[in-house]
Every structure is written in C-alpha cells, then in structure tokens.
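[1] Fold the stuff below for me.
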Amino acid sequence: MVTSVTSTDQSGSGTVAGPATTAGGRQEPPSGARTLRKDRWWLPPLLTALGLATFVVYATVRSFMREGYWDAENHYLTPFYSPCLSDSCVPGSSHFGTPIGELPGFIPLAFLSLPFLLAFRLTCYYYRKAYYRSVWFAPPACAVTEPHARYTGETRLPLIVQNAHRYFFYAAVVITVINTYDAVLAFGGERGFGIGLGNIILLVNVVLLWGYTLSCHSCRHVTGGRLKNFSKHPVRYRMWTQISKLNVRHMQFAWITLGTLVLTDLYVWLVSTGTITDLRILN
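    A predicted model of the protein is given here:
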C-alpha cells in the first residue's frame, strides 16, 4: 500500500505532490522525480564522464597523428604506437621488424594493440561501473532512478561482450610485456647506456601499467579462483593473496594509468619534436 502526501505551495494557488510513503514506511520520489536526494549526487558521474572523455579524445587524436611518437636520439617510443610493425613507421621505432606493409592514414600504426587495450579497459569491472553510471545511467547514483524502462543485463549485444574480459586480459599482459621491453630498450640511446627523465617516465608508466593489469579481477581469478583447497597449492595461494592486495587498489590504478599514459605520450611527443630537451641524469 502506498499513500501520497500533498501540500499547498507557497503561493497558495494549488497543491503539489509530496513523496509517497509505502506501507513499510519507505519514502519514494513523487511522480516524475528521480530521487529524494538533496546532495550533488550528479557530480561524481559528471566528473567520471569528463575524465573518460578527455582521455578518449586525446588518445584518439594522438593515435592518428603519426608524428612525435619516436625520439631517435634517446630511443623513446610512446605506448600509443607500440608495437609499430608497419613500413609506415619511422626508422628505429619498429622493435619487432616491419612484417606489415604501408598503412593508409585512417589506420593507426599500433592497430594490432590498441583494439585489445581498448577492449580490456571497456570490459574491466571498474570501468563498467564508471561508464554504467556516467554514460549509461544504470543507475547514475545510489537511490536515483535510472531512465531505462527495463534492465536486460549483460545477456545481449553489446553488453554481452563484457563476458570476454578474461580473454582481453591475456592480450593486455602481452602488450604490457611489449611496453616493458620498449622501456628497457630506451636505456640504450644513440650515446649508449644512459638515464634521462624520459627513462624514468617510461619506467614508472610501465610499472603502474603492471599494477593495473595484475590487479584485474580476471588475474585474481586466474591465480586462485578455482582452487578448492589452498593448502594443497601454497604457491598459487601466495600469488592469489598478493593479487588480492593489488585488487583493492584496482580503481586507483585504473585512473592513475590513464594519467601516466597521457603524460608519457606527451613527454615523448615534446622531446621528439624538439619542443623541449630531455633532462639527462646519466650520459
């Protein structure tokens, strides 16, 4: 049983509907209202949408620019162009050769890695929460009515693709290994072994990328999700314990790595185009 409450408006010219009260005493929003909340519940989803949109726009523009991604002097390669396997890549930036011919301008040079990285992020459990609330509004916040008439879950396209997250995880591991290889090679520039600010940025970025990748829920499941008796698998139990500790920080790694990816790419871009000079610490 639900009862509604009406009250006279301040002008005295009529009545306005107040919140409805159920038989159990729970209040519900009046007809047409989305919530009874008086705080700025819309602010977190708005900031999330702006943050994700900023990264998507920047990453998209940079992926198609085809300049400022390789600094030959210091061997800095931005993650947005790794691995670069086409004849379209500038000399030196192809650490694994060029088995692919020239690519038209509408295809990113890192077209083999970017789709998997995008799929890994989009299907990530944290990012699902982020864009479900900020883009899909399902729901945008606690105690706020969502605009959808019915909920079908992840049972049909396009959301059914979320179930492939575990497979995208394996691809992300391979790509992170490649990024690690790029960061290690960067310590040997044209002058031989050396350390610059760019090396530190590349190294910090790849460490944080490993933190994001290994803190993934799928990684936690791979290491110990199907074990029925931990005592019989002490090594996997130890791995699962450490991954679980990282998993608590998965949201922080998700946001931090978006920032470090942009920072790393921006630094390589500026150094490779001669806009700034790399700060050398050794050699």
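[2] rest of the way, CA atoms for contacts and neighbours
    Will do.
[3] Phi first, then psi, for Ala141.
    phi -160, psi 170 (degrees, to the nearest 10).
[4] State the distance from it to Lys245.
    27 Å (C-alpha to C-alpha, to the nearest Å).
[5] In terms of neighbours, single out the busier of the two.
    Ranked by neighbour count (other C-alpha atoms under 10 Å), Ala141 and Lys245 place Ala141 first, with 18 against 12.
[6] Settle this for me: that one is touching Leu43, isn't it.
    No - Ala141 is beyond contact range of Leu43, at 9.7 Å (criterion: C-alpha atoms under 8 Å).
[7] for Leu273, what are its contacts?
    Check again: residue 273 is Thr, not Leu. Counting by C-alpha atoms under 8 Å, 6 or more residues apart in numbering, Thr273 makes contact with Gly68, Asp71.
[8] Count the neighbours of Arg249 for me.
    Arg249 has 14 nearby residues by other C-alpha under 10 Å.
[9] how about the helices of the stretch 1-150 of the chain, start to end?
    43-65, 114-123, 125-131 (DSSP state H, counting those that start in this stretch).
[10] Centre of the chain to the longest one, how far?
    On the basis of C-alpha atoms, centre = their mean, to the nearest Å, helix 43-65 sits 10 Å off its chain's mean C-alpha point.
[11] What residues sit buried inside that helix?
    Neighbour counts over helix 43-65 (16 or more other C-alpha atoms under 10 Å) mark Pro45, Thr48, Ala49, Leu52, Ala59, Arg62, Ser63, Phe64 as buried.
[12] where do the strands sit along the stretch 1-150 of the chain?
    All strands of the stretch 1-150 of the chain, identified by DSSP state E, counting those that start in this stretch, fall at 2-3, 6-8, 15-17, 20-22, 27-28, 70-71, 76-77.
[13] Tyr131 reaches Ala49, doesn't it?
    Yes - proximity of Tyr131 to Ala49 meets the contact threshold set by C-alpha under 8 Å, at 7.2 Å.
[14] rewinding a little: for His233, which of the helices of the stretch 1-150 of the chain is the nearest?
    helix 125-131 (26.8 Å; C-alpha to C-alpha).
[15] Can you list the helices and strands that that closest one packs against?
    Helix 125-131 sits against helix 43-65, helix 250-272, with contacts defined as 3 or more C-alpha pairs under 8 Å, 6 or more residues apart in numbering; DSSP states H and E.
[16] which residues touch the last one?
    What it means is helix 250-272. Taking C-alpha under 8 Å, 6+ apart as the rule, helix 250-272 contacts 55, 58-59, 67-72, 76-80, 126-127, 198, 201-202, 205, 208-209, 211-212, 215-216, 276-278.
[17] Same question for stretch 221-230.
    With C-alpha under 8 Å, 6+ apart as the test, stretch 221-230 has contacts from His233, Arg236, Tyr237, Met239, Trp240.
[18] which of the contacts of helix 250-272 count as buried?
    Among the contacts of helix 250-272, the ones that count as buried by 16+ other C-alpha under 10 Å are 59, 68-72, 76-80, 126-127, 198, 201-202, 205, 208-209, 211-212, 215-216, 278.
[19] ok so, going back, relative to Ser88, which of the buried residues of helix 43-65 is nearest.
    Ser88 lies nearest to Phe64 out of the buried residues of helix 43-65, by C-alpha to C-alpha, at 12.3 Å.
[20] If you drop the residues flanking it in sequence, what lies closest to the closest one?
    Pro108 (5.5 Å; C-alpha to C-alpha, 6 or more residues apart in numbering).
[21] Any stretches of this protein with poor pLDDT?
    1-32 (pLDDT under 70).
[22] Break this protein down into its domains, please.
    1-33, 38-282 (automatic domain parsing).
[23] Quick check: which of these is buried the most?
    Greatest average neighbour count among the domains of the chain goes to domain 38-282 (a mean of 17), per mean count of other C-alpha atoms under 10 Å.
[24] Many thanks, have a good one.
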